[in-house]
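Enquirer: fold the stuff below for me.
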Amino acid sequence: MQLVHYPALAERARSQRTALPAVYGKIDFDKTPFRFTRDPADRSALPAWVAPRRPLLDDERAVELVRSTTMLGDVVADRYAALLGRYGLQELVGMLRQACREGVECVPGAPDELRALIASMEARPTWLDMDLVEEGARHLRVSAAYLSPFLIRGAFLATFLNSYAALPMALTGALSERRAAFRINETASFFAVTTLPGALDRHQAGFEAAAMVRLMHSIVRFNALTRSDRWDVDVYGVPVPQIDQVPAGMVNVYLLAMRARRRGRTTFDARERVMLEFSRYRAYLLGLPEELLPATQDDVIRVVHARAACLRDDFDTTCHALVGATMEAYLRPTRTPFDRAFDAVEKSWSKMFLLGFRGGDRKAAAAMGVPIRAADFARVALTAPFILGRFTGVRLASRLPLLRNAVDGYTVRLVGKRLAAYGRPEYTTDPSTYRG
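Expert: The predicted structure is shown next:
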(Lines give C-alpha, C1' and ligand atoms only; values in the text may rest on other atoms or scores of the structure.)
Protein backbone atom coordinates (compact mmCIF):
# COMPACT_ATOMS: atom_id res chain seq x y z
CA MET A 1 0.00 0.00 0.00
CA GLN A 2 1.14 3.56 -0.67
CA LEU A 3 2.14 5.48 2.45
CA VAL A 4 1.15 9.08 1.83
CA HIS A 5 -0.77 10.29 4.88
CA TYR A 6 1.88 9.68 7.55
CA PRO A 7 5.24 9.80 5.70
CA ALA A 8 7.20 10.74 8.83
CA LEU A 9 5.68 7.86 10.76
CA ALA A 10 6.43 5.41 7.97
CA GLU A 11 10.02 6.63 7.79
CA ARG A 12 10.31 6.33 11.56
CA ALA A 13 9.29 2.69 11.31
CA ARG A 14 11.71 1.96 8.44
CA SER A 15 14.59 3.77 10.17
CA GLN A 16 14.51 1.29 13.04
CA ARG A 17 16.53 -1.10 10.89
CA THR A 18 19.53 1.23 10.67
CA ALA A 19 19.00 2.87 14.06
CA LEU A 20 19.22 -0.44 15.91
CA PRO A 21 20.44 -3.18 13.54
CA ALA A 22 21.17 -5.64 16.37
CA VAL A 23 17.41 -5.84 17.01
CA TYR A 24 15.72 -4.75 13.77
CA GLY A 25 18.41 -5.45 11.15
CA LYS A 26 16.71 -8.52 9.66
CA ILE A 27 13.21 -7.03 9.37
CA ASP A 28 11.81 -5.89 6.03
CA PHE A 29 9.68 -2.91 7.04
CA ASP A 30 8.12 -2.65 3.59
CA LYS A 31 6.56 -6.08 4.02
CA THR A 32 3.12 -6.28 5.59
CA PRO A 33 2.81 -8.94 8.34
CA PHE A 34 0.09 -11.57 8.09
CA ARG A 35 -1.70 -10.21 11.18
CA PHE A 36 -2.61 -7.08 9.24
CA THR A 37 -5.43 -7.40 6.73
CA ARG A 38 -7.70 -5.02 4.89
CA ASP A 39 -9.39 -7.74 2.87
CA PRO A 40 -13.15 -7.56 3.53
CA ALA A 41 -13.31 -11.33 3.09
CA ASP A 42 -11.02 -11.92 6.08
CA ARG A 43 -12.43 -12.06 9.57
CA SER A 44 -11.08 -9.28 11.77
CA ALA A 45 -10.99 -8.47 15.48
CA LEU A 46 -13.78 -5.90 15.02
CA PRO A 47 -17.15 -7.50 15.84
CA ALA A 48 -20.00 -6.52 13.55
CA TRP A 49 -22.07 -5.45 16.56
CA VAL A 50 -19.43 -2.86 17.50
CA ALA A 51 -19.10 -1.08 14.16
CA PRO A 52 -19.29 -1.79 10.40
CA ARG A 53 -15.87 -2.75 9.09
CA ARG A 54 -16.06 -1.70 5.45
CA PRO A 55 -16.04 2.11 6.03
CA LEU A 56 -12.90 1.72 8.12
CA LEU A 57 -11.17 -0.35 5.43
CA ASP A 58 -12.02 2.36 2.92
CA ASP A 59 -10.46 5.03 5.16
CA GLU A 60 -6.97 5.17 3.65
CA ARG A 61 -5.66 7.48 6.36
CA ALA A 62 -6.79 5.21 9.20
CA VAL A 63 -5.54 2.06 7.48
CA GLU A 64 -2.14 3.61 6.83
CA LEU A 65 -1.86 4.69 10.47
CA VAL A 66 -2.54 1.14 11.67
CA ARG A 67 -0.17 -0.41 9.10
CA SER A 68 2.74 1.89 10.00
CA THR A 69 2.35 1.53 13.76
CA THR A 70 1.97 -2.26 13.51
CA MET A 71 5.66 -2.20 12.55
CA LEU A 72 6.70 0.47 15.03
CA GLY A 73 8.55 -0.27 18.25
CA ASP A 74 10.26 2.23 20.55
CA VAL A 75 13.84 2.73 19.40
CA VAL A 76 14.75 5.11 22.22
CA ALA A 77 13.80 2.58 24.90
CA ASP A 78 14.87 -0.36 22.72
CA ARG A 79 18.42 1.00 22.57
CA TYR A 80 18.54 0.99 26.35
CA ALA A 81 17.06 -2.53 26.50
CA ALA A 82 19.69 -3.69 24.01
CA LEU A 83 22.32 -3.06 26.72
CA LEU A 84 20.98 -6.18 28.45
CA GLY A 85 24.06 -8.23 27.63
CA ARG A 86 26.39 -5.60 29.04
CA TYR A 87 24.59 -4.67 32.26
CA GLY A 88 22.01 -7.35 33.01
CA LEU A 89 18.34 -6.77 33.65
CA GLN A 90 18.55 -5.83 37.32
CA GLU A 91 21.17 -3.16 36.70
CA LEU A 92 19.16 -1.70 33.81
CA VAL A 93 16.11 -1.51 36.06
CA GLY A 94 18.15 -0.06 38.94
CA MET A 95 19.76 2.67 36.83
CA LEU A 96 16.41 3.65 35.33
CA ARG A 97 14.75 3.85 38.75
CA GLN A 98 17.56 6.03 40.08
CA ALA A 99 17.43 8.27 37.03
CA CYS A 100 13.68 8.74 37.52
CA ARG A 101 13.93 9.47 41.22
CA GLU A 102 17.14 11.49 41.46
CA GLY A 103 17.99 12.54 37.93
CA VAL A 104 20.15 10.84 35.32
CA GLU A 105 23.12 12.95 36.42
CA CYS A 106 23.07 11.04 39.72
CA VAL A 107 23.56 7.65 38.02
CA PRO A 108 27.28 6.76 38.06
CA GLY A 109 28.48 6.07 34.54
CA ALA A 110 25.00 6.51 33.07
CA PRO A 111 25.06 5.23 29.47
CA ASP A 112 24.00 7.59 26.69
CA GLU A 113 21.03 5.31 25.96
CA LEU A 114 19.65 5.96 29.44
CA ARG A 115 20.15 9.68 29.04
CA ALA A 116 18.27 9.62 25.74
CA LEU A 117 15.36 7.66 27.24
CA ILE A 118 14.96 10.06 30.16
CA ALA A 119 15.30 13.07 27.85
CA SER A 120 12.50 11.73 25.63
CA MET A 121 10.20 11.49 28.63
CA GLU A 122 11.19 14.91 29.99
CA ALA A 123 10.34 16.60 26.69
CA ARG A 124 6.92 18.23 27.00
CA PRO A 125 4.58 18.06 23.98
CA THR A 126 3.23 21.41 22.80
CA TRP A 127 -0.37 20.47 23.61
CA LEU A 128 0.33 19.50 27.22
CA ASP A 129 -1.56 21.35 29.97
CA MET A 130 -0.62 19.85 33.33
CA ASP A 131 -3.58 21.51 35.05
CA LEU A 132 -5.90 19.52 32.78
CA VAL A 133 -3.84 16.37 33.39
CA GLU A 134 -4.14 16.79 37.16
CA GLU A 135 -7.88 17.36 36.92
CA GLY A 136 -8.20 14.28 34.75
CA ALA A 137 -6.23 12.25 37.28
CA ARG A 138 -8.60 13.39 40.03
CA HIS A 139 -11.58 12.01 38.12
CA LEU A 140 -9.85 8.79 37.06
CA ARG A 141 -8.59 7.85 40.50
CA VAL A 142 -12.21 7.43 41.54
CA SER A 143 -12.38 4.53 39.09
CA ALA A 144 -8.95 3.29 40.20
CA ALA A 145 -10.10 3.19 43.83
CA TYR A 146 -13.67 1.94 43.56
CA LEU A 147 -14.08 0.06 40.26
CA SER A 148 -10.74 -1.16 38.90
CA PRO A 149 -10.13 -3.80 41.60
CA PHE A 150 -13.26 -5.56 40.35
CA LEU A 151 -12.60 -5.16 36.62
CA ILE A 152 -8.85 -5.36 36.06
CA ARG A 153 -8.82 -9.13 35.49
CA GLY A 154 -11.57 -8.74 32.88
CA ALA A 155 -9.64 -5.96 31.15
CA PHE A 156 -6.55 -8.15 31.19
CA LEU A 157 -8.53 -11.02 29.65
CA ALA A 158 -9.64 -8.72 26.84
CA THR A 159 -6.01 -8.47 25.68
CA PHE A 160 -5.98 -12.22 25.03
CA LEU A 161 -8.82 -12.31 22.52
CA ASN A 162 -6.45 -12.31 19.56
CA SER A 163 -3.53 -14.66 18.89
CA TYR A 164 -1.42 -12.10 17.06
CA ALA A 165 -1.60 -9.55 19.86
CA ALA A 166 -1.40 -12.03 22.76
CA LEU A 167 1.85 -13.88 21.94
CA PRO A 168 4.17 -11.34 23.64
CA MET A 169 2.38 -11.97 26.93
CA ALA A 170 2.77 -15.72 26.49
CA LEU A 171 6.49 -15.26 25.88
CA THR A 172 6.86 -13.47 29.23
CA GLY A 173 5.73 -16.61 31.06
CA ALA A 174 2.18 -15.49 31.84
CA LEU A 175 0.90 -18.98 31.01
CA SER A 176 1.45 -19.91 34.66
CA GLU A 177 -1.06 -18.84 37.32
CA ARG A 178 1.66 -17.29 39.47
CA ARG A 179 3.08 -15.19 36.65
CA ALA A 180 -0.42 -14.27 35.47
CA ALA A 181 -1.28 -13.01 38.95
CA PHE A 182 1.92 -11.01 39.05
CA ARG A 183 1.24 -9.42 35.65
CA ILE A 184 -2.35 -8.53 36.54
CA ASN A 185 -1.37 -6.88 39.81
CA GLU A 186 1.55 -5.14 38.12
CA THR A 187 -0.80 -3.71 35.48
CA ALA A 188 -3.34 -2.66 38.09
CA SER A 189 -0.58 -0.99 40.08
CA PHE A 190 0.58 1.03 37.07
CA PHE A 191 -2.88 2.35 36.23
CA ALA A 192 -3.59 3.16 39.88
CA VAL A 193 -0.33 4.88 40.81
CA THR A 194 -0.42 7.15 37.77
CA THR A 195 -3.71 8.67 38.99
CA LEU A 196 -2.28 9.89 42.31
CA PRO A 197 -1.84 13.65 42.76
CA GLY A 198 1.20 14.89 40.83
CA ALA A 199 2.20 11.33 39.93
CA LEU A 200 3.11 12.13 36.32
CA ASP A 201 5.39 15.01 37.29
CA ARG A 202 9.11 14.51 36.84
CA HIS A 203 10.70 12.49 39.72
CA GLN A 204 7.29 11.20 40.86
CA ALA A 205 5.94 7.66 41.12
CA GLY A 206 3.76 7.70 38.01
CA PHE A 207 6.59 9.01 35.83
CA GLU A 208 8.81 6.23 37.12
CA ALA A 209 6.10 3.61 36.58
CA ALA A 210 5.71 4.74 32.95
CA ALA A 211 9.47 4.45 32.46
CA MET A 212 9.44 0.96 33.95
CA VAL A 213 6.59 -0.19 31.71
CA ARG A 214 8.33 1.31 28.72
CA LEU A 215 11.52 -0.58 29.56
CA MET A 216 9.59 -3.82 30.12
CA HIS A 217 7.97 -3.53 26.69
CA SER A 218 11.40 -2.98 25.15
CA ILE A 219 12.90 -5.94 27.01
CA VAL A 220 10.08 -8.13 25.68
CA ARG A 221 10.71 -6.74 22.18
CA PHE A 222 14.45 -7.35 22.46
CA ASN A 223 14.09 -10.91 23.74
CA ALA A 224 11.38 -11.82 21.21
CA LEU A 225 13.43 -10.58 18.24
CA THR A 226 16.88 -11.80 19.32
CA ARG A 227 16.30 -14.84 21.55
CA SER A 228 12.96 -16.41 20.64
CA ASP A 229 12.44 -19.17 18.09
CA ARG A 230 8.68 -18.58 18.27
CA TRP A 231 8.47 -15.02 17.00
CA ASP A 232 7.83 -14.87 13.24
CA VAL A 233 8.03 -11.27 12.04
CA ASP A 234 6.32 -12.17 8.78
CA VAL A 235 3.28 -13.27 10.78
CA TYR A 236 3.27 -11.02 13.86
CA GLY A 237 5.18 -7.93 12.81
CA VAL A 238 7.10 -6.08 15.54
CA PRO A 239 6.57 -7.39 19.11
CA VAL A 240 4.48 -5.08 21.31
CA PRO A 241 3.92 -2.61 18.46
CA GLN A 242 2.75 0.86 19.29
CA ILE A 243 -0.71 0.24 17.83
CA ASP A 244 -1.30 -2.58 20.34
CA GLN A 245 -0.80 -0.19 23.24
CA VAL A 246 -3.73 1.97 22.17
CA PRO A 247 -6.57 -0.22 23.55
CA ALA A 248 -5.06 -0.39 27.04
CA GLY A 249 -3.89 3.21 27.12
CA MET A 250 -7.11 4.71 25.76
CA VAL A 251 -9.79 2.21 26.84
CA ASN A 252 -11.24 4.57 29.45
CA VAL A 253 -11.73 7.46 27.04
CA TYR A 254 -12.86 5.09 24.29
CA LEU A 255 -15.71 3.93 26.54
CA LEU A 256 -16.51 7.56 27.33
CA ALA A 257 -16.48 8.39 23.62
CA MET A 258 -18.82 5.52 22.77
CA ARG A 259 -21.21 6.52 25.55
CA ALA A 260 -21.21 10.12 24.36
CA ARG A 261 -21.90 8.99 20.80
CA ARG A 262 -24.82 6.83 21.92
CA ARG A 263 -26.26 9.88 23.69
CA GLY A 264 -26.04 11.91 20.50
CA ARG A 265 -23.04 14.05 21.45
CA THR A 266 -20.19 14.66 18.99
CA THR A 267 -17.70 16.18 21.43
CA PHE A 268 -16.42 15.45 24.90
CA ASP A 269 -17.81 17.42 27.81
CA ALA A 270 -15.47 19.19 30.25
CA ARG A 271 -15.09 16.20 32.57
CA GLU A 272 -14.40 13.79 29.71
CA ARG A 273 -11.96 16.23 28.15
CA VAL A 274 -9.65 16.34 31.16
CA MET A 275 -9.68 12.56 31.39
CA LEU A 276 -8.69 12.43 27.73
CA GLU A 277 -5.79 14.83 28.33
CA PHE A 278 -4.59 12.72 31.25
CA SER A 279 -4.75 9.53 29.18
CA ARG A 280 -2.97 11.15 26.24
CA TYR A 281 -0.08 12.33 28.42
CA ARG A 282 0.25 8.98 30.19
CA ALA A 283 0.38 7.25 26.80
CA TYR A 284 2.91 9.83 25.62
CA LEU A 285 5.18 8.95 28.55
CA LEU A 286 4.88 5.31 27.48
CA GLY A 287 6.41 6.27 24.14
CA LEU A 288 3.38 6.31 21.85
CA PRO A 289 3.78 8.60 18.84
CA GLU A 290 1.52 11.62 18.77
CA GLU A 291 -0.32 10.19 15.77
CA LEU A 292 -1.73 7.57 18.18
CA LEU A 293 -2.85 10.14 20.74
CA PRO A 294 -6.25 11.20 19.34
CA ALA A 295 -7.58 14.51 20.62
CA THR A 296 -11.26 14.27 19.68
CA GLN A 297 -14.14 11.93 20.40
CA ASP A 298 -14.42 10.75 16.79
CA ASP A 299 -10.67 10.19 16.44
CA VAL A 300 -10.50 8.09 19.61
CA ILE A 301 -13.21 5.80 18.24
CA ARG A 302 -11.70 5.76 14.74
CA VAL A 303 -8.23 4.68 15.91
CA VAL A 304 -9.50 1.93 18.21
CA HIS A 305 -11.92 0.58 15.61
CA ALA A 306 -9.42 0.83 12.74
CA ARG A 307 -6.89 -1.24 14.67
CA ALA A 308 -9.47 -3.96 15.25
CA ALA A 309 -10.71 -3.80 11.66
CA CYS A 310 -7.18 -4.44 10.33
CA LEU A 311 -6.21 -7.09 12.89
CA ARG A 312 -6.81 -10.60 11.58
CA ASP A 313 -9.09 -12.60 13.84
CA ASP A 314 -7.75 -15.70 15.57
CA PHE A 315 -8.06 -17.35 18.97
CA ASP A 316 -5.63 -20.24 19.36
CA THR A 317 -4.42 -22.57 22.11
CA THR A 318 -2.02 -19.91 23.40
CA CYS A 319 -4.89 -17.50 23.94
CA HIS A 320 -6.90 -20.25 25.61
CA ALA A 321 -4.02 -21.04 27.96
CA LEU A 322 -3.53 -17.36 28.81
CA VAL A 323 -7.23 -17.01 29.59
CA GLY A 324 -7.16 -20.12 31.76
CA ALA A 325 -4.12 -18.96 33.73
CA THR A 326 -5.61 -15.51 34.18
CA MET A 327 -8.94 -16.83 35.44
CA GLU A 328 -7.27 -19.22 37.89
CA ALA A 329 -4.83 -16.64 39.25
CA TYR A 330 -5.38 -15.61 42.88
CA LEU A 331 -4.78 -11.87 43.23
CA ARG A 332 -5.37 -11.16 46.90
CA PRO A 333 -2.45 -10.72 49.34
CA THR A 334 -3.76 -13.25 51.89
CA ARG A 335 -6.27 -16.11 52.07
CA THR A 336 -8.45 -14.85 54.87
CA PRO A 337 -12.21 -15.46 54.52
CA PHE A 338 -12.64 -11.84 53.44
CA ASP A 339 -9.95 -12.08 50.76
CA ARG A 340 -11.33 -15.35 49.43
CA ALA A 341 -14.80 -13.82 49.23
CA PHE A 342 -13.36 -10.74 47.52
CA ASP A 343 -11.60 -13.04 45.03
CA ALA A 344 -14.87 -14.81 44.15
CA VAL A 345 -16.76 -11.54 43.71
CA GLU A 346 -13.97 -9.97 41.68
CA LYS A 347 -13.79 -12.96 39.33
CA SER A 348 -17.54 -12.76 38.70
CA TRP A 349 -17.33 -9.03 37.95
CA SER A 350 -14.38 -9.61 35.62
CA LYS A 351 -16.36 -12.26 33.78
CA MET A 352 -19.18 -9.77 33.24
CA PHE A 353 -16.71 -7.16 32.04
CA LEU A 354 -15.30 -9.63 29.52
CA LEU A 355 -18.82 -10.60 28.50
CA GLY A 356 -19.29 -6.99 27.42
CA PHE A 357 -16.33 -7.36 25.05
CA ARG A 358 -18.05 -10.43 23.58
CA GLY A 359 -21.27 -8.58 22.95
CA GLY A 360 -23.11 -10.45 25.70
CA ASP A 361 -22.53 -13.80 23.98
CA ARG A 362 -22.18 -16.32 26.83
CA LYS A 363 -21.41 -19.17 24.41
CA ALA A 364 -18.52 -17.22 22.94
CA ALA A 365 -17.19 -16.46 26.42
CA ALA A 366 -17.47 -20.14 27.42
CA ALA A 367 -15.68 -21.22 24.24
CA MET A 368 -12.69 -19.10 25.18
CA GLY A 369 -12.58 -20.60 28.67
CA VAL A 370 -14.75 -18.19 30.67
CA PRO A 371 -18.01 -19.94 31.53
CA ILE A 372 -20.48 -17.60 33.17
CA ARG A 373 -22.78 -19.35 35.60
CA ALA A 374 -25.79 -18.46 37.71
CA ALA A 375 -23.51 -17.94 40.74
CA ASP A 376 -21.64 -15.22 38.84
CA PHE A 377 -24.84 -13.34 38.08
CA ALA A 378 -25.90 -13.72 41.72
CA ARG A 379 -22.61 -12.33 43.08
CA VAL A 380 -22.73 -9.35 40.76
CA ALA A 381 -26.39 -8.66 41.54
CA LEU A 382 -25.79 -8.82 45.29
CA THR A 383 -22.72 -6.60 45.29
CA ALA A 384 -23.69 -4.12 42.55
CA PRO A 385 -25.65 -1.81 44.88
CA PHE A 386 -22.56 -1.38 47.05
CA ILE A 387 -19.87 -1.30 44.33
CA LEU A 388 -21.70 0.84 41.78
CA GLY A 389 -23.54 2.84 44.43
CA ARG A 390 -20.31 3.81 46.19
CA PHE A 391 -18.60 4.66 42.90
CA THR A 392 -21.51 6.80 41.73
CA GLY A 393 -21.86 8.50 45.10
CA VAL A 394 -18.19 9.40 45.31
CA ARG A 395 -18.16 10.61 41.70
CA LEU A 396 -21.12 12.91 42.33
CA ALA A 397 -19.79 14.12 45.69
CA SER A 398 -16.44 14.97 44.12
CA ARG A 399 -18.19 17.54 41.93
CA LEU A 400 -19.48 19.50 44.92
CA PRO A 401 -17.06 22.27 46.00
CA LEU A 402 -17.76 21.75 49.72
CA LEU A 403 -17.05 17.99 49.56
CA ARG A 404 -14.47 17.80 46.82
CA ASN A 405 -11.28 17.97 48.91
CA ALA A 406 -12.51 15.62 51.63
CA VAL A 407 -13.76 13.07 49.10
CA ASP A 408 -10.56 13.26 47.09
CA GLY A 409 -8.43 12.81 50.21
CA TYR A 410 -10.33 9.66 51.10
CA THR A 411 -10.01 8.40 47.52
CA VAL A 412 -6.24 9.00 47.51
CA ARG A 413 -5.90 6.99 50.72
CA LEU A 414 -7.95 4.17 49.24
CA VAL A 415 -5.78 4.09 46.12
CA GLY A 416 -2.81 3.74 48.48
CA LYS A 417 -4.45 0.72 50.08
CA ARG A 418 -5.10 -0.77 46.65
CA LEU A 419 -1.44 -0.33 45.76
CA ALA A 420 -0.38 -2.09 48.96
CA ALA A 421 -2.66 -5.02 48.07
CA TYR A 422 -1.28 -5.23 44.52
CA GLY A 423 2.27 -5.52 45.84
CA ARG A 424 5.49 -3.95 44.58
CA PRO A 425 5.76 -4.18 40.79
CA GLU A 426 9.15 -5.24 39.47
CA TYR A 427 8.61 -4.73 35.73
CA THR A 428 10.93 -7.58 34.77
CA THR A 429 10.74 -10.62 32.51
CA ASP A 430 12.46 -14.01 32.41
CA PRO A 431 14.53 -14.48 29.23
CA SER A 432 14.29 -18.28 29.54
CA THR A 433 10.56 -18.19 28.73
CA TYR A 434 11.15 -16.86 25.21
CA ARG A 435 12.46 -20.12 23.80
CA GLY A 436 10.57 -23.16 22.59
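
Enquirer: please count neighbours and contacts with C-alpha atoms only from this point.
Expert: Will do.

Enquirer: looking at it, Ile387 is touching Tyr146, isn't it?
Expert: Yes. Applying C-alpha atoms under 8 Å, one finds Ile387 in contact with Tyr146, separated by 7.0 Å.

Enquirer: which one of the two has more residues nearby?
Expert: More neighbours surround Tyr146 than the other of Ile387 and Tyr146, with 22 against 14 (other C-alpha atoms under 10 Å).

Enquirer: hang on, isn't the more buried one packed against Arg390?
Expert: Yes. Tyr146 lies in contact with Arg390 (C-alpha under 8 Å); the separation is 7.4 Å.

Enquirer: tally of neighbours for the residue nearest to Tyr80 when sequence neighbours are not counted?
Expert: Of all residues not flanking Tyr80 in the chain, Glu113 sits nearest, at 5.0 Å (C-alpha to C-alpha, 6 or more residues apart in numbering). Neighbour count for Glu113, taken as other C-alpha under 10 Å: 17.

Enquirer: now swap in Leu117 and tell me
Expert: Leu117: 22 neighbours (other C-alpha under 10 Å).

Enquirer: I'd like to know how far it sits from Gly85.
Expert: 18 Å (C-alpha to C-alpha, to the nearest Å).

Enquirer: please identify the helix or strand for the residue most central in space within the chain.
Expert: By C-alpha atoms, centre = their mean, the mean C-alpha position of the chain lies nearest to Ala248, the distance being 3.0 Å. Assigned by DSSP states H and E, Ala248 belongs to helix 246-262.

Enquirer: now that helix: mean pLDDT?
Expert: For helix 246-262, the mean pLDDT works out to 92.

Enquirer: show me which residues of the helix or strand following it are buried.
Expert: Next along the chain after helix 246-262, taking DSSP H and E as the criterion, comes helix 270-285. Buried residues in helix 270-285, counted by 16 or more other C-alpha atoms under 10 Å: 272-285.

Enquirer: before we move on, what about stretch 197-212?
Expert: Here stretch 197-212 shows 197-200, 202-212 as buried, counting by 16+ other C-alpha under 10 Å.

Enquirer: just the terminal-to-terminal distance for it.
Expert: 19 Å.

Enquirer: from the chain's centroid, how far away is it?
Expert: Between the centre of stretch 197-212 and the centre of its chain there are 16 Å (C-alpha atoms, centre = their mean, to the nearest Å).

Enquirer: what's in contact with it?
Expert: The contact list for stretch 197-212 (C-alpha atoms under 8 Å, 6 or more residues apart in numbering) reads 93, 96-97, 100-103, 122, 134, 137-138, 190, 193-196, 282, 285-286, 412, 427.

Enquirer: likewise for stretch 42-59?
Expert: Residues contacting stretch 42-59 (C-alpha under 8 Å, 6+ apart): 37-38, 40, 62-63, 162, 302, 305-306, 308-314, 359.

Enquirer: again with stretch 106-114
Expert: With C-alpha under 8 Å, 6+ apart, stretch 106-114 has contacts from Val76, Ala77, Arg79, Tyr80, Met95, Leu96, Gln98, Ala99, Val104.

Enquirer: ranking helices and strands of the chain by mean pLDDT, which lands last?
Expert: Sorting the helices and strands of the chain by mean pLDDT, DSSP states H and E puts helix 163-171 at the bottom, at a mean of 81.
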